[in-house]
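>>> build me a model:
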Amino acid sequence: MRNSRGKAVWQVDVRALDPNGVATTLDLKPGELGLLHGGPPCQPFSQIGKKTGIKDPRGQLAFQMVRFTRETRPAAVLIEQVPKFLDAPATDDMTMLDVLSEEFAGVGYDLQATVLDAADCGVPQKRKRAIIVAVPKGQDFQFPLVGQRQPATVGEAIKDLPDAVPPDCEPLAPNHIDITPPRDRHRISFVAEGEWLSKTAGAPPDVVQRLTPKDSTKFRRLHRDLPALTLRCGEALYHPLEDRYLTPREAARIQGFPDTHVFVGPIRRRTGIVRDLDQHRQVANAVPPPLAKSVAATVKSALCL
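Model prediction:
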């Protein structure tokens, strides 16, 4: 794994993993694990998805965290999800958070949950995420204080990057490659900074096509002086000034990744399909590192890890 040197990585279905076998491989005895962290698939609970919830097999994977907790007895458990996860129905009268709380209580852990915005942790992006923390019963824990700093902006995040290059050139910054086709550059040229295509006055009908003013996240140009919208897998945002899509490196900067984190895989064109997980999608699927660091630091401090 390109960014996982010195770490053990199993690229398998988590349901096939034996917690005791994993602990033995890592030479961990029950109670020695500091933090058990997981990001179960969000698609069944996403606001822009089909909202299939627990009926989707992926929607049940959050409970694998309970299975691993039962066997490994970590000092704390950290789960990241979309905000809709918390109140999504799990039974006729219980939400996912209710059921998860009961399950963790059954193995001796108290559960707390909140919704944090990555922009409040210095990330140049408005990205709200549900953060769930479980600690042994009786252990005190408080979520980090947020909202005390000025949100970073898109302009601050990408201003020192060199020029993006086409796929046949070697970029000066990792993953800083522009694959915008000419027809899309023409379409982008009609969009003013901070606006979206269907709101643009003067764009010809053959450019706007079937878009309506409600399509405010599609074909949108970011504004240098504001945080970005939430990066999503199926939508590619425009550069604030240049007539092109964001490069994977620009998206990674907006997500809070350092340039030392290199993404591997194809770069998907806006209207194309690639077989493997593309770089833009890898970035959009990730938890912003500064948000994760803020929560992890609070857990570490509270539990004296």
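
>>> now do the longest helix seen in the chain: which elements does it pack against?
Longest helix in the chain, counting residues (DSSP state H): helix 289-303. Here helix 289-303 touches strand 76-81, strand 109-117, strand 128-136, going by 3 or more CB pairs under 8 Å, 6 or more residues apart in numbering; DSSP states H and E. Bear in mind the C-beta positions are built from the backbone N, C-alpha and C, glycine included.

>>> could you rerun that using 7 Å?
Judged by 3 or more CB pairs under 7 Å, 6 or more residues apart in numbering; DSSP states H and E, the packing partners of helix 289-303 are strand 76-81, strand 128-136.

>>> which one of the ones you listed is the most hemmed in?
strand 76-81 (a mean of 23; mean count of other CB atoms under 10 Å).

>>> what pairs with it, and is each one parallel or antiparallel?
strand 35-38 (parallel), strand 128-136 (antiparallel) (DSSP bridges).

>>> a markdown table for those strands, including distance to Gly265 and mean pLDDT?
Listed next are the strands paired with strand 76-81 as a markdown table, based on distance: least, CB to CB, whole Å; pLDDT from 0 to 100:
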| stretch | distance to Gly265 | mean pLDDT |
| --- | --- | --- |
| strand 35-38 | 22 | 91 |
| strand 128-136 | 24 | 94 |
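
>>> in a markdown table: those, plus distance to Glu242.
Compiled in a markdown table, the strands paired with strand 76-81 are given as follows (distance: least, CB to CB, whole Å):
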| stretch | distance to Glu242 |
| --- | --- |
| strand 35-38 | 37 |
| strand 128-136 | 28 |
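
>>> save the helices and strands packed on helix 289-303 as TSV, and put in distance to Phe143 too.
Shown next, in TSV, are the helices and strands packed on helix 289-303 (distance: least, CB to CB, whole Å):
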stretch	distance to Phe143
strand 76-81	11
strand 128-136	7
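
>>> for the stretch 51-200 of the chain, which spans come out with low pLDDT?
Scanning the stretch 51-200 of the chain for pLDDT under 70 picks out the ranges 51-52, 145-149.

>>> residue ranges for the helices of it, please.
64-72, 84-87, 96-106, 154-158, 182-188 (DSSP state H, counting those that start in this stretch).

>>> TSV for those, including distance to Thr217 and mean neighbour count?
As requested, the helices of the stretch 51-200 of the chain are exported to TSV (distance: least, CB to CB, whole Å; neighbours: other CB atoms under 10 Å):
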stretch	distance to Thr217	mean neighbour count
helix 64-72	31	19
helix 84-87	16	18
helix 96-106	25	18
helix 154-158	15	20
helix 182-188	15	15
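
>>> right, and these - which one's nearest Arg15?
Arg15 lies closest to helix 64-72 among those, at 6.6 Å (CB to CB).

>>> for Val287, which of the helices and strands packed on helix 289-303 is the nearest?
Closest to Val287 of those is strand 76-81 (CB to CB; 5.1 Å).

>>> now do the closest one: distance to the chain's middle.
In terms of CA atoms, centre = their mean, to the nearest Å, the gap separating the centre of strand 76-81 from the centre of its chain is 13 Å.

>>> quick revisit: out of the helices and strands packed on helix 289-303, nearest to Pro151?
strand 128-136 (12.8 Å).

>>> got the angle between the closest one and helix 64-72?
If you take axes from the mean of the first three to the mean of the last three CA atoms, to 10 degrees, strand 128-136 sits at 20 degrees to helix 64-72.

>>> what angle do strand 128-136 and helix 96-106 make?
20 degrees.

>>> alpha carbons only: can I get strand 128-136 in CSV?
Extracted in CSV, the C-alpha atoms of strand 128-136 (Å, rounded to 0.1, in the frame of the first residue of the first chain):
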residue,chain,number,x,y,z
LYS,A,128,-20.6,17.6,8.3
ARG,A,129,-20.0,14.1,9.7
ALA,A,130,-21.5,12.1,12.6
ILE,A,131,-18.8,11.1,15.1
ILE,A,132,-19.5,8.3,17.5
VAL,A,133,-17.3,7.4,20.4
ALA,A,134,-17.6,4.5,22.7
VAL,A,135,-15.7,4.3,26.0
PRO,A,136,-15.8,1.8,28.9
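
>>> what does it rub up against?
With CB atoms under 7 Å, 6 or more residues apart in numbering as the contact definition, strand 128-136 has outside contacts at 69, 76-83, 85-86, 104, 108-118, 141, 143, 287, 291, 295, 299, 303.

>>> which of the strands paired with strand 76-81 sits closest to Gly202?
Of these, nearest to Gly202 by CB to CB is strand 128-136, at 33.9 Å.
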